[in-house]
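Undergrad: Show me the folded form of this:
(chains A and B)
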Amino acid sequence: MQDLKRLTRRHFFEQAAGFSLGSAALATLTQGEAFAKGFQYPPKAKSIIYLFMAGAPSQLDMFDYKPVLMKYDGQPVPEDVIKGERFAFIKGVPKLLASPHSFRKFGQSGTELSSLLPHLSTIVDDVAFVKSMHTTQFNHAPAQIFLNTGHQIPGRPAMGAWLSYGIGSENKDLPGFVVLLSGENAPDGGKSCWGSGFLPSTYQGVEFRRSGDPVLFLSNPSGVSGESRRRSLDLLKDLNTSEMASVRDPEIESRISAYELAYKMQSSVPGLADLTQESHQTHEMYGTTPGKNSFANNCLLARRMVERGVRMIQLYHRGWDVHGASADGDIVNKLTELCRETDRAAVALIKDLKQRGLLDSTLVVWGGEFGRTPMNEARSGSKFLGRDHHAKAFTMWMAGGGIKPGVTVGKTDDIGYTIAEDPVGVHDLQATILRLMGIEHTKLTYRFQGRDFRLTDVEGQVVDKLIA
Amino acid sequence: MKTRRVFVSLPLVAVLVLSASVIVDAQPADEALGLLKKSCAGCHSGASPAAHLRLDSAEHIAAGAPMGPVIVPGDSAASKLIIRVSSPDKATRMPPMGNGLAPEQIALLRTWVDHGAPGLPKSDTVAKVQKLWSYIKPAEVTPPTVKGPVRNAIDQFILAKLESQGLTFQPEAPKEILIRRLSLDLIGLPPSPKEVSDFVADSRPDAYDRLVNRLLTSPHYGERWARPWLDLARYADTNGYEKDLQRTMWKYRDWVIDALNRDMPYDEFTIEQLAGDLLPNPTIEQKIATGFNRNTMLNEEGGVDKDEAHFEVLVDRVNTTSEVWLGSTLGCSQCHNHKYDPFTQRDYYSMMAFFSHTMKTSKDYGDTSMKWIEPQLDLATPAQEDKRKVLRAKIDDLEAKLKTSTPALESEQGEWEQRTLNAKKDWRPIGDLKAHALHGADLTVSADGSIEASGQNPREETYVIEGKLEGVESLRGIRIEALPAKSLPRGGPGRDVYGDFTVSEIRAEMMSDGKWTPIEWSRELSDDGRVGGKQLWTVDATRDDVRIPRQMVLVAKTPIAVTGPVRITIRQDSEFTGQSIGRFRLSASSVDDPSTIVKVRARFWPILAAPATDRTADQKKDLSAYFRTIAPSLASARDALRGAESDLDRLGIVTAQIMEETPGEGVPCDNIRARGAFASKADKVCADVPEFIMPFPADLPRNRLGLAKWLVSPDNPLTARVAINRIWAQFFGRGIVETAEDFGTQGERPTHPELLDWLAVEFMHRGWSMKAMDRLIVTSNAYRQSSIAPQEVLNADPYNKLISRGARFRLEAELIRDFTLTTSGLMNPKIGGPSVFPYQPDGVWDVPYSNEKWTESKGGDRYRRGLYTFARRSAMYPALINFDATSREVCTVRRIRTNTPLQALTALNDPAFFEAAQAMAKRVEAEGGTSTKDRIDYAFRIVTSRAPTPSELDRMQSWFDKEDSYFKSHSDEAMKIVGASSSGDAASAASWTMLSNVLLNLDEAVTRH
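TA: Numbers count the residues shown, from 1 in each chain, chains lettered A, B, ... in the order given. Modelled structure (predicted):
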């Protein structure tokens, strides 16, 4: 029997039955289809909490202070700046727009932030800012999918799926890649943002839901007690085992263990999701209310998952799309509200991880899918202040997990339109994140349709300046 | 073209070098070769060199690329290598990273080549390699002679290989297993216990063939075989991407089912889907078939460039067509020549050109964006057509009526205007005002009775105003007029940067007997802005060029006798920045209905205030259009119009998405895009195919019809092999070429190459009949083997690649649903029609800029086969996706099977699955005899098609008895498990439900073996 197990490719699936899939990448799906990977570097981070600000935050009103914009507020942008450019919504020659929010310097690093981020301003020396992010996509769905999968068209595996595939999870009883949603909607890119693409579906992000069961179908049907379920699973196991004895297909053993793991999840997941176990002080720090769907609750949940060894937790908070096309989507009111919804909890998360000694091994990433224009969009003559999508420059920040604290990488030009120093592309960001996780991005590949695919496609340079 | 033919027909794979005797005679040669090794061999070396070009040794450099030599000794200008390293264009320059080679390095190489490239062996001593097997037309093969039992040629090929390893077939599977296997394979549904027992009892020699015939002619055959085809066609019911709006696509799905049921030959099946519209006098069905390539996603996000979005549609069409028919990963050549297979970028865009001239029209999406929209077929029935005509005429009439001006309407409007203007006189300003703010703003009272705020503008601010009611004895209402002012941002009336304001609460009190007594309001009404929700009154003046006053009226619950001054408190608590009212005036009224003043929108006051003779034509039009939306005399016409419009919507006329060619444009052409980027247009290319597969015949038209005919030409080496391989994989769990999507150099080699060729040729000989091939396969001994084999066989053939036993694999997602519905008796066998919405947990659909809701189907549509479940790309049905269904974004040739705890949770707990267990329990109680033992036996048979072994039966029996006694003492649990609909013995019903739940989760249940 052991011989067969060793030989049979389906043995892979027996391991894949759990969420602990480290060894899965070592096995092959078909000869030559999957490549053995694992770590190429000592990992600096064990887990990632990725705070995805879907809709694209306005870097010029939060991070990237541009006094020149104050001077030329309301002036038409010089035509040569936008010559040949395509915008999502702007038509004609738009006017420059100064931020209505005030900026100040904080911390020993002297990092400039706007008044919208009172909490972040208290930890700037723990955080690395990248002001020179750029992307190729200027529409939400393709840009989000690009940031997550390295390609703008849906259908490739997301970063978390690659990580689960490559290095597995630290916890056999929980998915290696969990997704938590808050804000207006699911992100524009939909479930493609955390799909497994051509990787086996085991690696897809598991969405913890906003209400009801945290994981779909986790609860027993009405009337079925835990005791009843155990008896059922015992019968199921016995019948499957007797089948195994006559058929000797390792797939059956794999199915038996999948059911046992499902049973374990039925108790481990609700425990994980139960925020009432947290102290008053913690709730105070995050601004959490157990039972509510909020970004704050998700931040706290993310910390609990990191404690339990989940590899990647991705939070989506959607709503940052401040075009200024209406009163509830501008940089004056809506942006203020979004910052209030997220600033405190994101910072509480960093502080909490730090006080628990988890920040060193947890990489926290904050950012959207692109940036916003230095010009007022004024769609159809809208008088609300807002900015259009901008792929050429945006800001992200990271903390913990091997990141050099207190640094700012990159610079934009005087109006924040283009990058002046140290451009960091999406594939560079991905390469850097993988490096911090101990993976050489060119080595994490999967053969599909005759080609070795990777998260960073055919590009990606690790940003050394970000690494401690 | 000529040179290209030479290039593409050159061989690939590995380069064999015959001559190793190389004379290296000069230092420049060393330097040049060293430079190439250092700068180029990083990518151009090893077993899979970039572009199949190795530059790591003199022999390989001389051998060149499959496209031809890269160095022409003595002629640097003709040497591709020199052209590429010296290219000024970054897109084509080598090496691609950094700034390329230094000028002196390029000069060195150029000089070296111009001097005859010393150090390279003569290229004619370098051997050419063979063409890859799959690009050579399959030959007729004579099946080998074998010892073992043969029913048809398939067995000869399979046995030949088995016997060479000292193996042979396993015995035939038991009849009950065979019928289960055949049913699941051919129609995707398990046999009923009666079908099983009938077949087992059927001792006629042709019983098996009769069964095969019955299943092949079942109308459910088309449903089962549409399943994998819909993965290839990336069929879905929505457009994909952000909004992921719904589309009506099911007519295409039904076309596939029907075509498969009719056994439409694969060549026709191909031609109709790729080019049905180009056939002579195409039928409606042939047009619907072209929906195949309308299954592409459509990005409707606001800021998307319509041409870029359409380019992505074309990319998908090229990639899908090449994967489905050629088993080729042409997609790799979108950006560069294929790294491993001989496809060039030119091939890619030549193929794209076939799709470049299809019909499309530009549609304005209103949010300043335009999109390309492709044709839609309107499939109104004659009855619907008649109704539509009637409704449209009715709508036209009513619209005309609402627009028509009559003397009666004019005078009605005149009276309304007068009445509205008169309402102003009902209001008396509140006098003797004292006003202050609680949180820092300064309030100043002016002579005209208005109050203006200045100074600080905090987020939370409360105004307190006291004043006297003059000329009002009985208070019925208080009015706040928010007024513009030059001093306010953008002219006000509010204080935020836009001049907007938000009021959270307004309280009023009256002095009575020396005490402030609260006044209660029954209604709060405004002429403009939002009333209610999180805030009491929000005014958005941002869009106004000219700022105008806005009004709110508070209507008292009962008339209040005026006993003293009033105090009004306006609380403003904005969620954002300071948003208080900037300037306002208070007045009071004693009329019975104080609401008249706010019954006209604020923007009409300036028009109403002007005498009719002073109004501009636009103002007159504006006002009269507005009046028509409120005029009482037109109420019935307005209702009738709304009714007719909704009747028109509800006609439910079916549409189909189709392809059509733009007429009269000749051979379609397109541009190569450098690095695959939509905007980087390079050389123009016209519709053509990769010639190394098979040149495009001169007698075929250079359009989609020609392309389709080229694909199904008997000389095309790939199409038949690729198709029969996929069919094979459905029966054996894996293809003869396991990588069914890639027949190129990077794909797997066939396990049985001669069998594959024989099947491909046979497929064409049998007129491309898919059912004929199905029959051939399922009647072979190879197929009929038992899936149970001795340990030695498992050891010798662990993956069953040799087909040393029957195949055994888990059912696909949709078939698990079908299986569960069938065994429970819930299945609604209806074929075709619009996609359905079975039970789905709340919250799965949550998509930006879309209000579409999953509205659960009623009645039988809740129990339809899995392939009819509505497929929304951004949020697929969880119970399907958990079992490895795909999200249909792109063509999927092969689903990878996984085995996860999420699957276990789904099959155990999904209410749709548990409902099936409840229903199965009832079925078992009704049909399974009277004794517990008989019923257990029956339940087990429903699920597995076989009788339980004695030990299995014992185990279930003792389990059941314990369960029954447990539920007897836990009747509350039992009642819940049984659900509302049951009567009788709840403990027993609950036990049967739980047993059914277990059985439906058995490995053997969800496995086809």
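Undergrad: what comes up buried for stretch B:765-774?
TA: Within stretch B:765-774, the residues scored as buried using 16 or more other C-beta atoms under 10 Å in any protein chain shown are B:Trp768, B:Ser769, B:Met770, B:Lys771, B:Ala772, B:Met773, B:Asp774. Every C-beta, even on glycine, is put in place using the N, C-alpha and C of the backbone.
Undergrad: Likewise for stretch B:962-977?
TA: B:Glu963, B:Asp964, B:Tyr966, B:Phe967, B:His970, B:Glu973, B:Ala974, B:Met975, B:Lys976, B:Ile977.
Undergrad: which of those residues come close to chain A?
TA: Restricting the buried residues of stretch B:962-977 to those adjacent to chain A (criterion: C-beta under 8 Å from any C-beta of the partner chain) gives B:Glu963, B:Tyr966, B:His970, B:Glu973, B:Ala974, B:Met975, B:Lys976, B:Ile977.
Undergrad: and which of those is nearest to chain A?
TA: B:Lys976 (2.8 Å; C-beta to the nearest C-beta).
Undergrad: helix or strand right after the helix or strand containing the closest one?
TA: Using DSSP states H and E, B:Lys976 sits in helix B:971-978. As assigned by DSSP H and E, the chain's next helix or strand after helix B:971-978 is helix B:986-1000.
Undergrad: which helices and strands sit right next to that following helix?
TA: helix A:226-247, helix B:813-824, helix B:911-927, helix B:932-944, helix B:950-969, helix B:971-978 (3 or more C-beta pairs under 8 Å, 6 or more residues apart in numbering or on different chains; DSSP states H and E).
Undergrad: Do I have it right that B:Arg603 meets B:Arg547?
TA: No: contact criterion C-beta atoms under 8 Å: B:Arg603 and B:Arg547 do not qualify, at 10.9 Å.
Undergrad: re earlier: want to throw the ones next to chain A among the buried residues of stretch B:962-977 into JSON lines with pLDDT and distance to A:Thr342?
TA: Below are those laid out as JSON lines (pLDDT from 0 to 100; distance: C-beta to C-beta, whole Å):
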{"residue": "B:Glu963", "pLDDT": "96", "distance to A:Thr342": "50"}
{"residue": "B:Tyr966", "pLDDT": "96", "distance to A:Thr342": "49"}
{"residue": "B:His970", "pLDDT": "95", "distance to A:Thr342": "47"}
{"residue": "B:Glu973", "pLDDT": "95", "distance to A:Thr342": "44"}
{"residue": "B:Ala974", "pLDDT": "95", "distance to A:Thr342": "48"}
{"residue": "B:Met975", "pLDDT": "94", "distance to A:Thr342": "46"}
{"residue": "B:Lys976", "pLDDT": "94", "distance to A:Thr342": "41"}
{"residue": "B:Ile977", "pLDDT": "95", "distance to A:Thr342": "43"}
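Undergrad: List just the nearest of those residues to B:Ala51.
TA: B:Ile977 (64.4 Å; C-beta to C-beta).
Undergrad: List the residues that contact whichever residue of chain A sits closest to chain B.
TA: At 2.2 Å from chain B, A:Ala88 is the closest residue in chain A, using C-beta to the nearest C-beta. Listed by C-beta atoms under 8 Å, 6 or more residues apart in numbering or on different chains, the contact set of A:Ala88 reads A:Phe138, A:Asn139, A:Asp388, A:His389, B:Gly302, B:Gly303, B:Val304.
Undergrad: Looking at it now. What's its pLDDT?
TA: The model reports A:Ala88 with a pLDDT of 82.
Undergrad: quick one, what contacts the residue nearest to it when sequence neighbours are not counted?
TA: Excluding its sequence neighbours, the residue lying closest to A:Ala88 (C-beta to C-beta, 6 or more residues apart in numbering or on different chains) is B:Gly303, at 2.2 Å. Contact analysis of B:Gly303 by C-beta under 8 Å, 6+ apart lists A:Phe87, A:Ala88, A:Phe89, A:Phe138, A:Asn139, A:Asp388, A:His389, B:Ser369.
Undergrad: wouldn't the fourth one be in contact with A:Phe370 here?
TA: Going back to what we said before, that points to A:Phe138. Yes: in this structure, A:Phe138 is within contact of A:Phe370 by C-beta under 8 Å, at 6.0 Å.
Undergrad: More neighbours: these two, which one.
TA: For A:Phe138 versus A:Phe370, the count of surrounding residues by other C-beta atoms under 10 Å in any protein chain shown is larger for A:Phe370: 30 against 25.
Undergrad: now the helices and strands packed on helix B:986-1000 as CSV including distance to B:Asp647?
TA: As requested, the helices and strands packed on helix B:986-1000 are arranged in CSV below (distance: least, C-beta to C-beta, whole Å):
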stretch, distance to B:Asp647
helix A:226-247, 51
helix B:813-824, 35
helix B:911-927, 34
helix B:932-944, 47
helix B:950-969, 53
helix B:971-978, 44
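Undergrad: Of these, flag the one that's most buried.
TA: Per-stretch averages of neighbours, counted by mean count of other C-beta atoms under 10 Å in any protein chain shown, single out helix B:813-824 among the helices and strands packed on helix B:986-1000, with a mean of 26.
Undergrad: That helix and chain A, any residue contact?
TA: No: using C-beta under 8 Å from any C-beta, helix B:813-824 never reaches chain A; the gap is at least 9.8 Å.
Undergrad: how close does the residue at the greatest distance from the centre of chain A sit to B:His338?
TA: With distances taken from the mean C-alpha point of chain A and given as C-alpha atoms, centre = their mean, the most distant residue is A:Ser246, at 45.7 Å. From A:Ser246 across to B:His338, the span is 48 Å (C-beta to C-beta, to the nearest Å).
Undergrad: Could you point out which of the helices and strands packed on helix B:986-1000 sits nearest B:Thr238?
TA: Between B:Thr238 and those, the tightest spacing by C-beta to C-beta is seen for helix B:813-824, at 17.7 Å.
Undergrad: Give me the angle between the closest one and helix B:932-944.
TA: Computed by axes from the mean of the first three to the mean of the last three C-alpha atoms, to 10 degrees, the angle separating helix B:813-824 from helix B:932-944 equals 150 degrees.
Undergrad: give me the number of residues near the residue nearest to A:Pro423 when sequence neighbours are not counted?
TA: Excluding the flanking residues, the one nearest A:Pro423 by C-beta to C-beta, 6+ apart is A:Ser132, at 5.2 Å. Residues lying near A:Ser132 (other C-beta under 10 Å) number 25.
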